[in-house]
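Engineer: Sequence and predicted structure, then a few things I'm wondering about:
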Amino acid sequence: MGRQAQANAHVPLPVRGGVAPSYLWLTESRAGGMLRFLAERFPDVTPASWAARLQRGDVVDAAGTPLSAGSHVRKGMRIWYYRELDEAETPIPFKERILFQDEHLLVVDKPHFLPMIPSGRFLHETLLVRLKAQLELPHLTPIHRLDRETAGVVIFSHNPDTRGRYQSMFQKRVVRKVYEALAGPVAGRDFPFTYRSRMVDGDKFFVMTEEAGEPNSETFIEVLERRGDTVRYRLHPHTGRKHQLRLHLASLGAPILNDAFYPVALPCKGDDFSAPLQLLARAIGFDDPLTGQPRTFTSERNLDWPG
């Protein structure tokens, strides 16, 4: 779909039910009217759905003027609309917890299974939309991400004036992240140790793999506790590659419990919430770029030991 509204842009549609409007720049003029253009531009959305949105006034130009089915499609126009789903979303029966809020940041303890932002079949059942609807913070934006399957601490900015200062911490890798995971034992290693590898995109778009070459990922691994054949690890990622912790433990012969991607990508379980990935973003720490004071935020959640 189109891009979501930028906080500092003139937005002719308000946030509605936590959903910010999206926009699309038109790169060419087209005959046939706006309805025909939208149906062709977004084939996954039915023409009937677009017709209903146009009739409701939910598709507007940059000035906020509602567009109709027969409105001209002109190069250089920017149109605004709300993203919608044609099918009802399955409610995700787990709740987020707010850990901290000030005039700049919102820190949240995310549950398993809840996506960060709207994508694919998820819209209202996402952390960003839930929080916007609950707190009425129209400028709320995550400044880093967690996988849908991962629970734990995540930080949002809701002040556009200071957002860049906090985002730069993650870009400069000065944020201290601590994760915990439940997995099997790693053989042939003395703990703690640092694992490094070269990670690249795998054959399937959603997974990563390792290959020979200069390492581009690094994780410091400690053991916190053992219960039978299960170990609770503390993980310190020094780089932030996609699925880094999941791939590193799987490569060590100890995939995280209930991981449906590593070491082998399993068929999608859809809306089965019975076996959450046992990976938790336990804590995030940093020196506040505005005050210089050290800050640490810690998850209140716990992982589920088997048995």
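Structural biologist: Structure's in. What do you need?

Engineer: which stretch of helix or strand covers the residue nearest to the spatial centre of the chain?
Structural biologist: Nearest residue to the geometric centre of the chain (CA atoms, centre = their mean): residue 116, 3.4 Å. Under the criterion DSSP states H and E, no helix or strand holds residue 116.

Engineer: So it versus residue 129, what's the distance?
Structural biologist: 10 Å (CB to CB, to the nearest Å). In this view, the C-beta of every residue, glycine as well, is placed from N, C-alpha and C.

Engineer: What are the contacting residues of stretch 89-98?
Structural biologist: Where contact means CB atoms under 8 Å, 6 or more residues apart in numbering, the residues beyond stretch 89-98 that reach it are 106-114, 121-125, 127, 130-131, 271, 273, 300.

Engineer: Quick one: low-confidence residue ranges for the chain.
Structural biologist: By pLDDT under 70, the low-scoring segments of the chain are 1-9, 86, 205, 267-270.

Engineer: can we see that at 50?
Structural biologist: Scanning the chain for pLDDT under 50 picks out 6-8.

Engineer: Domain boundaries for it, per the record?
Structural biologist: Segmentation of the chain into domains, based on automatic domain parsing, reads 3-81, 97-298.

Engineer: just checking, which of the contacts of stretch 89-98 belong to helices?
Structural biologist: Secondary structure assignment (DSSP state H) places 127, 130, 131 from the contacts of stretch 89-98 within helices.

Engineer: So the second one versus residue 202, what's the distance?
Structural biologist: Remark: distance between residue 130 and residue 202 (CB to CB) = 31 Å.

Engineer: what do you get for the last one?
Structural biologist: Plainly put, residue 131 is 32 Å away from residue 202 if you go by CB to CB.

Engineer: neighbour-wise, which of the two wins?
Structural biologist: Between residue 131 and residue 202, counting by other CB atoms under 10 Å, residue 131 is the more crowded of the two (20 against 17).

Engineer: Can you name the residues that contact that one?
Structural biologist: Contacts here follow CB under 8 Å, 6+ apart; on that basis residue 131 touches 18, 96, 106, 108, 137, 140, 156.

Engineer: ditto for residue 111
Structural biologist: For residue 111, the contact set (CB under 8 Å, 6+ apart) comprises 92, 94, 95, 96, 151, 301.

Engineer: SS state for the first one?
Structural biologist: Following DSSP: H, G, I helix; E, B strand; the rest coil, we place residue 92 in the coil state.

Engineer: burial measure for it, as a count.
Structural biologist: Based on other CB under 10 Å, the number of other residues close to residue 92 is 20.

Engineer: same check, this time on the fourth one
Structural biologist: Around residue 96 there are 16 other residues, counting by other CB under 10 Å.

Engineer: same thing with the fifth one?
Structural biologist: For residue 151, the neighbour count with other CB under 10 Å is 26.

Engineer: Run through the residues that contact it.
Structural biologist: The neighbourhood of residue 151, defined by CB under 8 Å, 6+ apart, consists of 109, 110, 111, 112, 276, 279, 280, 281, 299, 301.

Engineer: what's the closest non-adjacent residue to it?
Structural biologist: Spatial nearest neighbour of residue 151, excluding adjacent residues (CB to CB, 6 or more residues apart in numbering): residue 112 at 4.6 Å.

Engineer: The one you found contacts residue 276, correct?
Structural biologist: Yes. Residue 112 sits in contact with residue 276 when judged by CB atoms under 8 Å, with a separation of 3.7 Å.
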